[in-house]
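1. Compute the structure for the input listed below.
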Amino acid sequence: MARFRTLDNVDVAGKVVLVRVDLNVPMKDGRITDDLRISRILPTLHELSRKDAKVVVLSHFGRPDGKVVPEMSLKPVAAALATALGSSVAFADDCVGDAAKDAIAKLRKGGIVLLENTRFHKAEEKNDSAFARMMAELGDIYVNDAFSCAHRAHVSTEALAHLLPAYAGRNMEVELKHLEAALVAPERPVAAVIGGAKVSTKLELLGNLLSKVDKLIIGGGMANTFLFAQGREVGKSLCEKNMADTARDILRDAVVRGCAVILPDDVVVAREFKAGAASKVVSAERVAADQMILDIGPVAASRLGTILADCRTLVWNGPLGAFETAPFDAGTVMVARTAAALTASGRLLSVAGGGDTVAALRHAGVAEEFSYVSTAGGAFLEWLEGKELPGVAALKTAD
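-> Residues are numbered from 1 along each chain as shown. I've put the predicted structure just below:
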């Protein structure tokens, strides 16, 4: 993408390169339970090392609120990163000051050091200019490879891009290219699958997508609110009844904008929400007062497959049902596998993002079969909402 300088545009040999990545990975008992974010940054780190840069890795971990919290140290992640890279990774006990400078001074060309949690300093999240200058003093070049943190205007995600020559890392570059292909200049027709629990948390998202997509497919608890707004009985289902007027406004706006809103024709209902609960499929117009909607039905899933077959681009954020609990995963799994098959055949560009979405696609066994699955949560959502992300904007305007 011409608006962003990439690693193709810089000679890094012998230079100290500060690389902002996202190593905020899930851990349990000191072990990483999902290494997707690590695997995504390997191409950038390998390339910089191979080109004889001195690679200085920056990241946050958790929410220590500007204090040193031993349980939120990145030190255990350094070992996992070294294993993934297949080479040694040094570690510095701070991300600025003498500890960082000493660790960097010991680096050979091609060497890699991980600095301690940037959020151990309050100034990081305040985007403090003095702290930014301290961090910038450590390096010659700045590379941002953390799209998942690009919605935060922090020192390591935004300010550094104004103090050092700034470039998009390979992970950032790939993400931006796919996002542009999905909504900025997409091949039409474009469909969006938007699921999740609440309409209230995705109002800006829905409003932005109405003018961007041709088919807006709504699932999850959100769909119940729209069904209720249309006068349907939703029983004991998760439903924001106070959002009914807003849902009706969205439906009217969709008509004006020529966007078809797709709601489920049939649904899977149960009297209790637990694994293996007795359930049945009913028409979306036949939900009893003592039932709760927990998934889309097979007719709805099949219809969505037909709709996607007629589309060229798909953006997906949020599951269609309570996929974590069988048997209420069937709808999400069926539609996800259909989208993956269409992608594999070259008929569909599919881009998905958000924590629950990634988990749902993995559950369906197709996370590797979409065109691109973003590791970003909040940043992906804000991008879908049409907001400019500070970390991306800084790369656009970097000198």
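2. can you list the domains in this structure?
-> Domain segmentation of the chain under automatic domain parsing yields 7-171, 186-384.
3. Could you tell me the end-to-end distance of the first one?
-> Pointing back at domain 7-171 there. Domain 7-171 has an end-to-end distance of 11 Å (criterion: C-alpha to C-alpha, to the nearest Å).
4. And for the longest one?
-> With C-alpha to C-alpha as the measure, the ends of domain 186-384 fall 14 Å from one another.
5. which stretches of the stretch 201-350 of the chain form helices?
-> Here the stretch 201-350 of the chain has its helices, by DSSP state H, counting those that start in this stretch, at 203-209, 220-229, 244-257, 298-309, 330-344.
6. Listing request: residues of this structure with sub-threshold pLDDT.
-> Applying pLDDT under 70 to the chain flags the ranges 1-2, 397-399.
7. give the contact list for residue 224.
-> Contacts for residue 224 (C-beta atoms under 8 Å, 6 or more residues apart in numbering) come out as 234, 237, 238, 239, 293. Using the backbone N, CA and C atoms, a C-beta is placed for each residue, glycine as well.
8. repeat that with 6 Å
-> By C-beta atoms under 6 Å, 6 or more residues apart in numbering, the residues touching residue 224 are 234, 237, 239, 293.
9. For the stretch 1-150 of the chain, just list every one of the strands.
-> Using DSSP state E, counting those that start in this stretch, the strands of the stretch 1-150 of the chain run over residues 16-20, 27-28, 31-32, 54-58, 90-92, 112-115, 141-144.
10. Excluding covalently adjacent residues, which one is nearest to the most centrally placed residue in the chain?
-> What sits nearest the mean C-alpha location of the chain, by C-alpha atoms, centre = their mean, is residue 376, with 2.2 Å. Excluding the flanking residues, the one nearest residue 376 by C-beta to C-beta, 6 or more residues apart in numbering is residue 148, at 3.7 Å.
11. was I right about that neighbour contacting residue 373?
-> No - distance between residue 148 and residue 373: 12.0 Å, which falls outside the contact criterion (C-beta atoms under 6 Å).
12. which residues does residue 235 contact?
-> Contact partners of residue 235, counting by C-beta under 6 Å, 6+ apart, are 287, 288, 289, 291, 292.
13. so which of these is the most crowded?
-> Using other C-beta atoms under 10 Å as the neighbour criterion, residue 292 leads the contacts of residue 235 with 24 neighbours.
14. Report the contact partners of it.
-> Applying C-beta under 6 Å, 6+ apart to residue 292 gives the contacts 235, 236, 237.
15. Which strand residues bridge it?
-> Note on residue 292: beta-bridge partners by DSSP bridges are residue 270.
16. ok, residue 142 to residue 7 distance?
-> In this view, residue 142 and residue 7 are 12 Å apart by C-beta to C-beta, to the nearest Å.
17. Please say which of the two ends up with more neighbours.
-> Higher neighbour count among residue 142 and residue 7: residue 142, with 26 against 21, using other C-beta under 10 Å.
18. I figured that one was touching residue 162, is that so?
-> No - with contact defined as C-beta under 6 Å, residue 142 does not reach residue 162; the gap is 9.2 Å.
19. Just give the nearest non-adjacent residue to residue 99, would you?
-> Nearest one to residue 99, counting by C-beta to C-beta, 6+ apart, is residue 93 at 4.7 Å.
20. so which of the domains of the chain comes closest to residue 390?
-> Residue 390 lies closest to domain 7-171 among the domains of the chain, at 3.8 Å (C-beta to C-beta).
21. before we move on, the earlier item: can you pull the contacts of the residue nearest to residue 376?
-> Shown in contact with residue 148 (C-beta under 6 Å, 6+ apart): 22, 375, 376, 379.
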